[in-house]
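S.K.: Quick one: sequence and predicted model below, then my questions.
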Amino acid sequence: MMNTLQAIGFGIVGFAVIVVIGIVVLTRLGTSVGGDANTTAIYLSGQLGSSGLSGWIPAVIAVAIGGLFLALFGGKKQY
């Protein structure tokens, strides 16, 4: 079970790193281009941030851990 939890942890950390890199790239791109592109980049970085995609991380963690416990305790016993 610990191996599965470690894999989930690595996945969540990897997801967080990708979101942060995406936010940095979008804001840098928007400020270098300016105008409407800047407005769009700021909007997209907000959608990646806590109000958007990465706001789902706590729910994903809860569902993953719940699924692990259901699989651990609800599985058929091998004799």
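M.R.: In hand now; what should we look at?
S.K.: element containing the residue nearest to I23 when sequence neighbours are not counted, please.
M.R.: Excluding the flanking residues, the one nearest I23 by C-beta to C-beta, 6 or more residues apart in numbering is S45, at 4.5 Å. Where you see a C-beta, it was placed from the backbone N, CA and C, and this is true even at glycine. For S45, the element it lies in under DSSP states H and E is helix 36-48.
S.K.: same question, F10
M.R.: Per DSSP H and E: helix 2-33 holds F10.
S.K.: Report the contact partners of S45.
M.R.: Neighbouring residues of S45 by C-beta atoms under 8 Å, 6 or more residues apart in numbering: 22-23, 26-27, 30.
S.K.: please redo it, this time with the cut-off set to 10 Å
M.R.: When contacts are counted by C-beta atoms under 10 Å, 6 or more residues apart in numbering, S45 touches 19, 22-30, 52.
S.K.: Run the angle between the helix holding F10 and helix 36-48 for me.
M.R.: If you take axes from the mean of the first three to the mean of the last three C-alpha atoms, to 10 degrees, helix 2-33 sits at 160 degrees to helix 36-48.
S.K.: for the record, mean pLDDT for helix 2-33?
M.R.: Looking at helix 2-33 alone, the average pLDDT works out to 78.
S.K.: Please shift the residue numbers so they start at 8 in all later answers.
M.R.: In the new numbering, first residue 8, that becomes helix 9-40.
S.K.: How about that helix, which residues are buried there?
M.R.: The neighbour-count check on helix 9-40 (16 or more other C-beta atoms under 10 Å) flags 15, 26, 29-30, 33, 37 as buried.
S.K.: any idea which of those residues is the one closest to T46?
M.R.: For the buried residues of helix 9-40, the minimum distance to T46 (C-beta to C-beta) is 7.5 Å, reached by G37.
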